[in-house]
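K.L.:
quick check, what structure comes out for this input:
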Amino acid sequence: MNRQICVVVAAGALFAAQVQAQVRPEVPESLKTPAGEQVVLAAHATGVQIYVCQAGAEQKFGWALKAPEADLSDSAGKVIIHHSAGPTWKHVDGSEVKGKVVAKQDAPKPDAIPWLLLAAASHSGEGILSRVTSIQRIHTEGGLAPAANTCDASANGKETRSAYAADYYFYAPGH
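P.N.:
Coordinates of the predicted model:
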C-alpha cells in the first residue's frame with residue numbers, strides 16, 4: 001500500500017513537471033503559433049552556427065549560413081535532440097522533423113541570432129517529433145556571423161563556427 005502511494009505521488013509529480021514545462025513562452029506576436037497547437041517539448045540548445053564565405057549577388061562576398069550544429073537538452077540536462085542542416089531536429093526516439101522559417105524577429109540581445117518561428121516541412125520516424133507542426137527558437141545568445149569585412153575573395157570557401165545557445169519549443173495540434 002505504501003509503495004503504491006509513493007508510485008502515485010511520483011507519477012503525479014512527474015505529470016505536474018511535464019505540464020509546467022509545456023507552458024507557451026512569451027514571444028512577439030509574429031512568432032506565435034496557431035491557437036490549436038500545444039507545446040509538446042521544450043529543450044535548450046548549445047552548439048554552433050556554421051558560416052561559409054562566398055560570393056553572392058553581383059559577386060559581392062559575404063558570410064552565408066551553412067548549417068546549425070547543436071545538441072538540445074531536456075530540463076534535467078540530458079541530450080535528447082541533435083539539430084543539424086535542413087534545419088532538422090532528430091530526437092533520441094528516432095523521430096525527426098525538418099522545418100522551414102515562416103517568421104523572424106531580431107533578438108532582444110544585439111549580439112544574438114534572430115528568434116524564429118518555423119513550420120514543419122517533413123517528418124520521419126515515429127516518436128515525439130512525428131506530430132510537430134511548429135517550432136520556435138527563442139532566448140538566443142551568440143551565433144552571429146563574423147564581421148562582413150572578414151569575408152573577401154581571399155577567404156572564399158572558408159568556414160567559421162560561431163557558438164550559440166537558444167531555447168526551442170516544439171508544438172503539435174492539441175487533443
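
K.L.:
host element of residue 54?
P.N.:
In the assignment (DSSP states H and E), residue 54 maps to strand 37-55.

K.L.:
run through the neighbouring helices and strands of that strand.
P.N.:
Applying 3 or more C-beta pairs under 8 Å, 6 or more residues apart in numbering; DSSP states H and E, we find strand 37-55 packed against strand 61-73, strand 79-84, strand 159-173. (C-beta placed from N, C-alpha, C; glycine too.)

K.L.:
of all the ones you listed, which lies closest to residue 145?
P.N.:
Residue 145 lies closest, by C-beta to C-beta, to one member of the helices and strands packed on strand 37-55: strand 61-73, at 3.7 Å.

K.L.:
check which residues of that closest one are buried.
P.N.:
The neighbour-count check on strand 61-73 (16 or more other C-beta atoms under 10 Å) flags 61, 63, 67, 68, 70, 72 as buried.

K.L.:
want to throw these into CSV with pLDDT and distance to residue 119?
P.N.:
Output for the buried residues of strand 61-73, formatted as CSV (pLDDT from 0 to 100; distance: C-beta to C-beta, whole Å):
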residue, pLDDT, distance to residue 119
61, 94, 31
63, 97, 26
67, 97, 19
68, 98, 17
70, 98, 20
72, 98, 19
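
K.L.:
in JSON lines: these, plus distance to residue 141.
P.N.:
Shown next, in JSON lines, are the buried residues of strand 61-73 (distance: C-beta to C-beta, whole Å):
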{"residue": "61", "distance to residue 141": "27"}
{"residue": "63", "distance to residue 141": "19"}
{"residue": "67", "distance to residue 141": "19"}
{"residue": "68", "distance to residue 141": "14"}
{"residue": "70", "distance to residue 141": "12"}
{"residue": "72", "distance to residue 141": "15"}
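
K.L.:
give me the neighbour count for residue 124.
P.N.:
Number of residues near residue 124 (other C-beta atoms under 10 Å) recorded here: 14.

K.L.:
without its sequence neighbours, what residue ends up closest to it?
P.N.:
Take residue 124 and drop its neighbours on the chain: the residue closest to it by C-beta to C-beta, 6 or more residues apart in numbering is residue 96, 4.7 Å away.

K.L.:
quickly list what residue 115 is bridged to.
P.N.:
Assessed by DSSP bridges, residue 115 has beta-bridge partners residue 105.

K.L.:
wait, which of the helices and strands packed on strand 37-55 is closest to residue 104?
P.N.:
Ranking the helices and strands packed on strand 37-55 by proximity to residue 104 (C-beta to C-beta) places strand 61-73 first, at 12.2 Å.
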